[in-house]
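Enquirer: From the sequence below, what's the structure:
(2 chains)
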Amino acid sequence: MTQPNIIASETKGITLHEFNNRIKRLLNDRSVQNCWIIADLSDVAIRGGHCYLELVEKNATGATVAKVRGIIWSGRVQYLRSKFLAVTGQDLKSGLKVMVEASVNYHEQYGLSVIITDIDPSYTMGDMERLRREILARLQREGVLEMNRQLPVPPVVQRIAVVSAAGAAGYGDFINQLHNNSYGLQFYTCLFQATMQGANTSPSIIAALDRIAAHGNLFDCVVIIRGGGSTSDLNSFDDYNLAANVAQFPLPVIVGIGHDRDVTVLDYVAAIRVKTPTAAAEWIITRGVEALSRLDRLTTSICEAVRQYLNAAAQQLSYYTGNIPFMVSSRIESNRMQLSHLLQMIPTATGGRIAAADERLKSFAAAIGQARVQAVARENLKLKSLSDKIEILSPQNTLRRGYSITTINGHAVSDVGELNYDDIVTTRLANGTFTSKVTETIKTRK
Amino acid sequence: MDNNEEKMTYSSAINELEKIVREMQSDSCSIDNLSALTTRSLKLLKFCKSKLQTTDEELKKILAELEQ
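Expert: Prediction:
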């Protein structure tokens, strides 16, 4: 509204200085003073105590859509850097997404810039966290997030593939500590060099991992270390490709990339996470020491088992040694007792038996006596009946009843066939004999 | 047994060792087995200890070449 008037009244022209002064006056507006601006940092540099940088905004395709020079005056630099470091664990540097308080500044000689007076580190933290979460979620979706962490770590880790920058102080510390351990543990290390900071970090580490994978059977684990410097460019480790490679690596990966504030995606996917290269060496040595003490414990157990067996055997032997004489004497004693008992029993037993036998004998004698009398009586009866029979059967008796005996030539004739005509026979009767001559024989039928 | 020892790893040795010790500690172990088990376990212990504390020059050489 006022501009046409200015132009109209100064047709002769004004100095550039005056013109720039007018710009400066125009910019003295509250809408561009003390604004909180979200932007990426770029070309950060400290000169003469002041911090010069570029604030950049890029679109989704990465093309720059806005850009302005920024300055932190020396009086503010130290404060803002400390504040930022305390929360994010890192220095102000290119590539970080930040939220800063800035006011436009126009200098007649140097042109337009913004003066940065404050910074909100939690915004940067939130942004890094968001990035990390996105990468982790993607790894999870792809099913590889936990793969390295679930690999079994060998009971003892001795053959170690080291991914590091060759000259790094952290690498030197790691190697010294490992090889000069005071337990006599042997370690075998092989360095696979990689760039450990800047934009090339991820592809460089991935290339080293590929070289290790080609000799996978030679190693127990991989150690990725970096350290020495206090400031760190952790963004390089919040990288999807690097994380995916480490997560799927066939050997357990130990990460010690020298920070303790934050967990990068790399820390999350690696089997073992420690803070520093020195801590990585300590972890490996501790595992070796544990293996040694496990061997010691086994040695003790073996000795103890053997000792117990021998003790038990010795105890058993000594039991027998001590008890056999006692057992023998007690056996003898018990036999002696038994014998003496038997001896005592003999008189009683024999006495009883003799008396019984005597009784039996007596009863036998009585029986025999009685039997003898009966037998005699029986025999007498028998004899009497026999003599009666004999009496009845005697020839004399028969003769008296009228029978006679005829003899010829001295023998009795019982068959009429023995007699012939004119034979002289003698016939005996009960009271005498007579002779007669055979005049006829007649055989009677039976 | 000696042929197997060439291929024996620390892990397999320590596993066998643990098994033997359990057997030695069990009631079923006879004193006749004890001697054989003790001999074997001492052999395994020696192997494990040497794996941990004795330098494998051959491996060292291979890795040195790989690093170049």
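Enquirer: which bits of the stretch 301-446 of chain A sit near chain B?
Expert: A:S301, A:I302, A:A305, A:V306, A:Y309, A:A313 (CB under 8 Å from any CB of the partner chain). In short, each C-beta sits where N, CA and C put it, glycine included.
Enquirer: wait, isn't the last one in contact with B:I31?
Expert: Yes - counting by CB atoms under 8 Å, a contact exists between A:A313 and B:I31, whose distance comes to 5.9 Å.
Enquirer: What segments of the chain are helices?
Expert: Picking chain A for this. Listed in chain order, the helices of chain A (DSSP state H) span A:3-9, A:16-27, A:74-88, A:121-141, A:169-179, A:201-213, A:240-247, A:265-269, A:277-393, A:395-400.
Enquirer: hmm, I had chain B in mind actually
Expert: Going by DSSP H, chain B shows helices at B:2-7, B:10-25, B:31-53, B:57-67.
Enquirer: Now those helices in JSON lines, please, with extra columns for mean neighbour count and mean pLDDT.
Expert: Conversion of the helices of chain B to JSON lines gives the following (neighbours: other CB atoms under 10 Å in any protein chain shown; pLDDT from 0 to 100):
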{"stretch": "helix B:2-7", "mean neighbour count": "7", "mean pLDDT": "57"}
{"stretch": "helix B:10-25", "mean neighbour count": "17", "mean pLDDT": "91"}
{"stretch": "helix B:31-53", "mean neighbour count": "16", "mean pLDDT": "90"}
{"stretch": "helix B:57-67", "mean neighbour count": "13", "mean pLDDT": "90"}
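Enquirer: Can you say which of those helices is nearest to A:A291?
Expert: A:A291 lies closest to helix B:31-53 among these, at 6.0 Å (CB to CB).
Enquirer: residues in contact with that closest one?
Expert: Contacts with helix B:31-53, where a contact means CB atoms under 8 Å, 6 or more residues apart in numbering or on different chains, come from A:156, A:158, A:184-186, A:288, A:291-292, A:295, A:298-299, A:302, A:305-306, A:309, A:313, B:5, B:8, B:10, B:13-14, B:16-17, B:20-21, B:23-24, B:29.
Enquirer: so what's residue 67 up against?
Expert: You didn't say which chain, so I picked chain A. Applying CB under 8 Å, 6+ apart, the residues near A:K67 are A:E54, A:L55, A:V56, A:E57.
Enquirer: meant chain B, my bad for not saying
Expert: The contact partners of B:E67, by CB under 8 Å, 6+ apart, come to A:C190, A:L191.
Enquirer: any weak-confidence spans in the stretch 301-446 of chain A?
Expert: A:391-393, A:445-446 (pLDDT under 70).
Enquirer: By proximity to chain B, which residue of it wins?
Expert: The stretch 301-446 of chain A approaches chain B most closely through A:A305 (3.9 Å), counting by CB to the nearest CB.
Enquirer: So what's the residue count around that residue?
Expert: The number of residues packed near A:A305 is 22, by other CB atoms under 10 Å in any protein chain shown.
Enquirer: how near is the closest residue in space to it that isn't next to it in sequence to A:L310?
Expert: In space, not counting the residues next to it along the chain, A:A305 is nearest to B:M24; the distance is 3.9 Å by CB to CB, 6 or more residues apart in numbering or on different chains. From B:M24 across to A:L310, the span is 12 Å (CB to CB, to the nearest Å).
Enquirer: With A:A367 instead?
Expert: 80 Å.
Enquirer: Not counting stretch A:401-410 itself, show me its contacts.
Expert: Counting by CB under 8 Å, 6+ apart, A:395, A:399, A:412-413, A:418-419, A:423-429 sit against stretch A:401-410.
Enquirer: now with 10 Å?
Expert: For stretch A:401-410, the external contacting residues (CB atoms under 10 Å, 6 or more residues apart in numbering or on different chains) are A:395, A:397-399, A:412-414, A:416, A:418-420, A:423-430, A:433-434, A:436, A:438.
Enquirer: Selection in ChimeraX covering whichever of those residues are buried, please.
Expert: Applying 16 or more other CB atoms under 10 Å in any protein chain shown to the contacts of stretch A:401-410, the buried members can be selected in ChimeraX as follows:
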select /A:413,425,428,438
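Enquirer: Which members of the contacts of stretch A:401-410 are positioned in strands?
Expert: Among these, the members found in strands (DSSP state E) are A:A412, A:I424, A:V425, A:T426, A:T427, A:R428, A:L429, A:T433, A:F434, A:S436.
Enquirer: near chain B, which residues of the stretch 1-150 of chain A show up?
Expert: For the stretch 1-150 of chain A, no residue is in contact with chain B (CB under 10 Å from any CB of the partner chain).
Enquirer: Closest residue of the stretch 1-150 of chain A to chain B?
Expert: Per CB to the nearest CB, A:Q150 is where the stretch 1-150 of chain A lies closest to chain B, at 17.5 Å.
Enquirer: how close does that residue sit to A:I424?
Expert: For A:Q150 relative to A:I424 (CB to CB), the value is 158 Å.
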